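A.B. asks: okay, here's the prediction I keep looking at, along with the sequence it came from:
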Amino acid sequence: MIVCVCKSVSDRTIRASIAEGMDSFDELQFELGVATCCGKCEESVREVMAQSGACATHCGVSHARPAAMPQAVPLTFYERKAA
């Protein structure tokens, strides 16, 4: 299955790269070019990493669901008046 359409990278290519020793998302991104164009494949690439077992601390995917969503930081907008 093609994971990164922009660079034509399949899940097989990602798994083969992991088997050859690439164990971090940054390495895969550098070597294969995944998630460098539109970025829509990043989550899928990280999931393939998790399924391949190369993900202990490197891929950024946690298998536990957070109890609650993080709270948004309030933004303050200031109106600028003409001089």
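C.D. replies: Great, that's in hand.
A.B. asks: neighbours of the spatially closest residue to Glu27 that is not a sequence neighbour, just the number please.
C.D. replies: Distances taken as Cβ to Cβ, 6 or more residues apart in numbering place Ser17 nearest to Glu27, at 7.9 Å, with adjacent residues excluded. (Glycine included, C-beta is placed from N, CA and C.) The local packing of Ser17 (other Cβ atoms under 10 Å) involves 20 other residues.
A.B. asks: buried stuff in the strand or helix carrying Ser17?
C.D. replies: Using DSSP states H and E, Ser17 falls within helix 11-19. By 16 or more other Cβ atoms under 10 Å, the buried positions in helix 11-19 come out as 11, 13-14, 17-18.
A.B. asks: now do the next helix-or-strand element following it, average pLDDT.
C.D. replies: Next helix or strand after helix 11-19 toward the C-terminus (DSSP H and E): helix 25-32. Computed over helix 25-32, the mean pLDDT rounds to 91.
A.B. asks: next one: stretch 40-48
C.D. replies: pLDDT averaged over stretch 40-48 gives 92.
A.B. asks: and that stretch, what's buried?
C.D. replies: 41-42, 44-48.
A.B. asks: same check on stretch 29-41?
C.D. replies: For stretch 29-41, by 16+ other Cβ under 10 Å, it's 29, 32, 34-35, 41.
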